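**Q** this is the structure alone, sequence omitted:
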């Protein structure tokens with residue numbers, strides 16, 4: 001059964017087009033009615049598919065060949081050889097190689113060569129120069145006009161002036177000389193200079209030819225010198241040079257002046273007689289002007305009227321009408337009009353109009369119509385140009401076939417593709433999820449070297465990918481590459497680099513870039529400062545960390561309390577630590593970045609974090625001496641400073657004092673949690689009992705921390721009793737408590753034994769009993785084979801399930817067979833949970849342990865792309 005393009009990203013299978021482009025090419029039913037034609041490599045059946053999510057080798061090759069053959073149809077072997085010589089050789093060597101080609105130089109040949117690779121200005125100039133020096137050939141005004149227009153389009157005006165000055169030194173016929181000068185200056189946008197040369201000619205009794213007159217007249221319209229346009233038009237008429245070009249330029253002039261009524265009158269005058277004076281270009285210019293003035297209805301009526309006259313002039317008009325409809329966002333009207341004219345008049349739009357349609361369709365994600373149009377263009381033998389080839393690359397990327405686009409991109413030299421900005425962006429963004437970040441980074445480099453600077457978002461995406469894959473040297477190279485090309489660095493990319501370097505201990509490299517940003521007057525982000533400060537803290541360079549902290553505040557960023565504490569801790573552990581501590585304290589008081597009470601609080605907390613509770617007490621006392629009354633926060637921070645540093649005797653005394661000053665249950669909760677974290681379960685338990693005596697209810701966190709400590713110490717009976725007590729006072733079982741019990745159930749059967757023992761001594765609450773049953777199954781004490789559905793349902797009855805619970809279930813299922821775990825992994829994702837490092841690690845570890853190393857590596861690659869690394873135990877197994 002044929003699959004639609006909408007599924008291409010997943011299936012990598014492309015639909016076969018039926019012979020007629022008018023049929024919906026993405027209809028499964030239609031595809032089944034038509035035999036698969038070898039002319040279209042898009043034909044794929046279920047038999048050609050190597051597997052779900054992949055394209056067969058044969059189909060992949062056919063699809064690449066389909067587009068490559070079309071692209072190669074534009075190549076001319078002789079012209080390719082000419083440009084190969086121009087690109088690879090210089091001076092006399094190039095002259096000799098071109099002469100060996102035995103070219104029969106004519107105006108037509110020179111124009112064709114110049115138009116063949118008009119983007120390569122340097123090579124075109126070299127060929128133009130060589131052709132002008134060949135015996136028997138003289139450049140004409142047409143060849144000069146062509147090279148001038150190329151230079152003008154590239155905005156190389158200085159080069160244009162140099163070329164004209166060199167031309168003035170050569171001994172041409174005077175009339176030819178002046179005609180060429182006028183054309184050159186007119187094309188270069190220097191109409192005043194061109195008029196000056198024209199005046200000089202007339203003074204010497206010379207005159208312009210028809211081509212030069214029309215180029216001059218057109219340039220005057222472009223530069224809005226309308227007062228001179230009629231004068232030049234009069235001269236053209238007097239000399240008998242008036243033709244369809246003259247009429248087109250006059251219509252253009254009237255339209256530029258918004259004289260649409262006069263423009264229509266002039267157009268209708270050209271219809272008088274048999275309409276021989278009228279031409280399609282003039283009509284197209286006028287229709288375009290009406291559309292730009294939002295007069296689409298008037299333009300449509302005019303097209304219908306002129307079409308009924310039976311004049312064979314409508315091709316240019318149709319093209320402009322389609323272009324203007326697309327520009328105005330009337331895409332459906334443009335497609336309907338094109339289909340109608342193709343069916344009735346056999347109209348074939350030029351390649352530029354097709355490209356305009358394709359790009360707009362791509363922007364609106366209408367891939368079916370893009371596909372139809374591309375197939376139709378190839379069937380009608382329309383020669384693809386650079387815009388078409390870039391559009392195909394964009395189309396393949398959006399259709400979920402970036403590997404095909406990448407093969408064509410790698411062959412771009414073969415068919416002369418110059419990749420544009422849009423195609424580069426599509427390639428980079430679509431390849432990030434398909435190939436390694438290295439390949440995408442190489443495309444980014446190519447784009448910059450060709451003058452296309454992607455937006456900041458693109459740099460950010462690639463920086464993220466390189467960082468995620470651990471390609472830190474490549475990330476560094478990306479930043480240096482940006483700087484080498486004088487691109488103002490994206491602060492996100494720079495901060496990503498700084499953070500990545502600090503995370504692996506290469507903090508000096510991160511600091512060098514930070515210093516460079518400072519010299520460029522670019523302020524690092526808050527995250528960049530935080531990474532650098534943390535990095536120097538870990539390197540025991542508290543002096544640099546403190547200096548960066550102050551710089552961070554001066555830049556308008558607010559450091560977190562944790563970051564402040566880390567810096568203070570690092571300073572305290574240096575030589576003369578206390579002096580460094582008080583030095584930073586004074587700077588903070590003088591800086592006015594924080595309120596005075598908050599500064600004292602930060603340094604009380606920081607001293608406690610540094611293991612210096614006495615220093616915290618000094619700050620607390622200094623606060624009093626400075627006339628500041630310690631508040632509840634001050635007392636809590638001091639209490640935590642002593643708690644954190646195992647000063648139990650001081651803590652108990654301070655606790656008693658604070659209970660007298662503050663009637664707040666938070667003090668009791670902080671004591672219980674703090675004592676648990678310093679592994680003092682007896683004191684924590686007594687505090688909880690005293691809370692009940694004082695008619696205070698312990699918080700869920702108090703129960704969580706004490707239960708976890710009992711479990712960590714192997715005191716499972718106390719953990720079960722405390723759980724039962726918690727449930728009996730109305731506290732629900734939290735995810736945290738449930739996960740702690742499941743984790744220990746995986747480690748030992750002693751937990752279930754304690755549950756059984758407790759149930760014999762006392763009546764367990766139903767919730768406690770049910771959780772005990774789950775622990776028994778998890779630890780293998782309850783016999784039987786249980787599927788993931790049963791585990792999941794039972795866990796959901798006991799407590800709220802989260803990703804950590806799912807990880808426990810995953811680990812348990814992997815013990816019964818890794819395939820069960822893989823199925824449950826998919827179920828986790830389907831239910832909306834985001835797998836974390838441990839989720840992936842369980843699968844990778846289980847596959848490797850089962851000897852399925854290839855699958856384990858595939859999973860690990862996906863894990864690395866998500867930014868997670870395997871645990872040490874899993875690395876050993878792999």
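**A** Looks like it came in fine. Quick caveat: nothing in here was measured; it's all calculated off a predicted structure.

**Q** which stretches of the stretch 101-250 of the chain form helices?
**A** 107-116, 121-132, 141-153, 157-169, 174-187, 191-203, 210-222, 226-238, 244-256 (DSSP state H, counting those that start in this stretch).

**Q** looking at those helices, which is closest to residue 381?
**A** Nearest of the helices of the stretch 101-250 of the chain to residue 381, taken as C-beta to C-beta: helix 107-116 at 18.4 Å. No exception for glycine: its C-beta is placed from N, CA and C like everyone else's.

**Q** any chance you could list what contacts that closest one?
**A** Contacts with helix 107-116, where a contact means C-beta atoms under 8 Å, 6 or more residues apart in numbering, come from 76, 79, 82-83, 103, 124, 127-128, 131, 137, 139-140, 142-143, 146-147, 150.

**Q** in that helix, which residues are buried?
**A** Neighbour-count burial for helix 107-116, counted by 16 or more other C-beta atoms under 10 Å, picks out 107, 109-111, 113-114, 116.

**Q** can you tell me which of these is nearest residue 463?
**A** Closest to residue 463, out of all of those and judged by C-beta to C-beta, is residue 116, at 39.2 Å.

**Q** ok, now how distant is that closest one from residue 408?
**A** Distance of residue 116 to residue 408, given as C-beta to C-beta, to the nearest Å: 20 Å.

**Q** residue 213 reaches residue 232, doesn't it?
**A** Yes: checked against C-beta atoms under 8 Å, the pair residue 213 and residue 232 is within contact range at 6.5 Å.

**Q** how close does residue 546 sit to residue 129?
**A** Distance, residue 546 to residue 129, by C-beta to C-beta: 65 Å.

**Q** which one's more surrounded, these two?
**A** Neighbours were counted for residue 546 and for residue 129 using other C-beta atoms under 10 Å; residue 546 has more, 23 against 14.

**Q** let me know the secondary structure of that one.
**A** helix (DSSP: H, G, I helix; E, B strand; the rest coil).

**Q** mind listing what the most centrally placed residue in the chain touches?
**A** For the chain, residue 458 is the residue whose C-alpha lies nearest the centre (C-alpha atoms, centre = their mean; 3.8 Å). Residue 458 makes contact with 425, 428-429, 444, according to C-beta under 8 Å, 6+ apart.

**Q** swap in 10 Å and give it another go.
**A** 424-425, 428-429, 432, 440, 444, 447, 490, 493 (C-beta atoms under 10 Å, 6 or more residues apart in numbering).

**Q** next one: residue 92
**A** Neighbours of residue 92 in contact, by C-beta under 10 Å, 6+ apart: none.

**Q** name the element it belongs to?
**A** helix 91-99 (DSSP states H and E).

**Q** average pLDDT for that helix?
**A** Across helix 91-99, the average pLDDT comes to 87.

**Q** again with stretch 664-679
**A** Stretch 664-679 comes out at a mean pLDDT of 91.

**Q** repeat for stretch 263-277
**A** For stretch 263-277, mean pLDDT rounds to 80.

**Q** just how off-centre is that stretch within its chain?
**A** Relative to the chain's own centre, stretch 263-277 is displaced by 54 Å; criterion: C-alpha atoms, centre = their mean, to the nearest Å.

**Q** before we move on, back to that, the helix holding residue 92 to helix 121-132, inter-axis angle?
**A** Put simply, helix 91-99 runs at 70 degrees to helix 121-132, going by axes from the mean of the first three to the mean of the last three C-alpha atoms, to 10 degrees.

**Q** buried stuff in helix 91-99?
**A** Result for helix 91-99 [16+ other C-beta under 10 Å]: buried residues 94-95, 97-98.

**Q** what's the answer for stretch 572-585, then?
**A** By 16+ other C-beta under 10 Å, the buried positions in stretch 572-585 come out as 572, 574, 577, 580-582, 584-585.

**Q** and of those residues, the nearest to residue 558?
**A** Of all the buried residues of stretch 572-585, residue 584 has the smallest distance to residue 558: 16.1 Å, by C-beta to C-beta.

**Q** and that closest one, what's its pLDDT?
**A** 91.

**Q** for it, what are its contacts?
**A** 542-543, 546-547, 549-550, 564, 567-568, 571, 603, 606.

**Q** so how far is residue 769 from it?
**A** Residue 584 is 56 Å from residue 769, by C-beta to C-beta.

**Q** okay, the helices of the stretch 101-250 of the chain in a markdown table with distance to residue 712 next?
**A** Below are the helices of the stretch 101-250 of the chain laid out as a markdown table (distance: least, C-beta to C-beta, whole Å):
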| stretch | distance to residue 712 |
| --- | --- |
| helix 107-116 | 77 |
| helix 121-132 | 73 |
| helix 141-153 | 75 |
| helix 157-169 | 77 |
| helix 174-187 | 84 |
| helix 191-203 | 87 |
| helix 210-222 | 82 |
| helix 226-238 | 89 |
| helix 244-256 | 84 |
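
**Q** looking at those helices, spot the one closest to residue 373.
**A** Between those, helix 107-116 lies closest to residue 373; by C-beta to C-beta that is 24.6 Å.

**Q** mean confidence for the closest one?
**A** 88.

**Q** so that helix versus helix 141-153, what angle?
**A** 10 degrees.

**Q** from the chain's centre, how far out is helix 107-116? Work that out for me.
**A** The chain centroid and the centroid of helix 107-116 are separated by 40 Å under C-alpha atoms, centre = their mean.

**Q** might you list the low-confidence residue ranges for the stretch 501-650 of the chain?
**A** Applying pLDDT under 70 to the stretch 501-650 of the chain flags no residue at all.

**Q** could you work out the end-to-end span of stretch 426-444 for me?
**A** 11 Å (C-alpha to C-alpha, to the nearest Å).

**Q** helices of the stretch 601-750 of the chain, start to end?
**A** Under DSSP H, counting those that start in this stretch, the stretch 601-750 of the chain gives helices at 613-625, 632-644, 648-661, 665-677, 681-693, 700-712, 716-728, 735-747, 750-761.

**Q** please name whichever of these is nearest to residue 559.
**A** helix 632-644 (16.8 Å).

**Q** what about the closest one, distance to the chain center?
**A** Helix 632-644 sits 47 Å away from the centroid of its parent chain (C-alpha atoms, centre = their mean).

**Q** and the angle for it with helix 648-661?
**A** Orientation of helix 632-644 against helix 648-661 (the same axes, to 10 degrees) gives an angle of 160 degrees.

**Q** buried residues of the helix or strand in which residue 805 is found, list them for me.
**A** If you go by DSSP H and E, residue 805 is part of helix 803-816. Residues of helix 803-816 classed as buried by neighbour count (16+ other C-beta under 10 Å): 803-814.

**Q** next helix or strand past that helix?
**A** Assigned by DSSP H and E, the successor of helix 803-816 is helix 818-830.

**Q** which stretches of this structure have low pLDDT?
**A** Ranges of the chain meeting pLDDT under 70: 1-61, 155, 157-158, 160-173, 273-275, 311-312, 344, 432-436, 455-456, 485-490.

**Q** out of the helices of the stretch 601-750 of the chain, nearest to residue 508?
**A** Comparing those by C-beta to C-beta, helix 613-625 comes nearest, at 30.2 Å.

**Q** what's that closest one packed up against?
**A** helix 577-591, helix 596-609, helix 632-644, helix 648-661 (3 or more C-beta pairs under 10 Å, 6 or more residues apart in numbering; DSSP states H and E).

**Q** what residues sit buried inside that helix?
**A** Across helix 613-625, burial judged by 16+ other C-beta under 10 Å covers 613, 615-620, 623.
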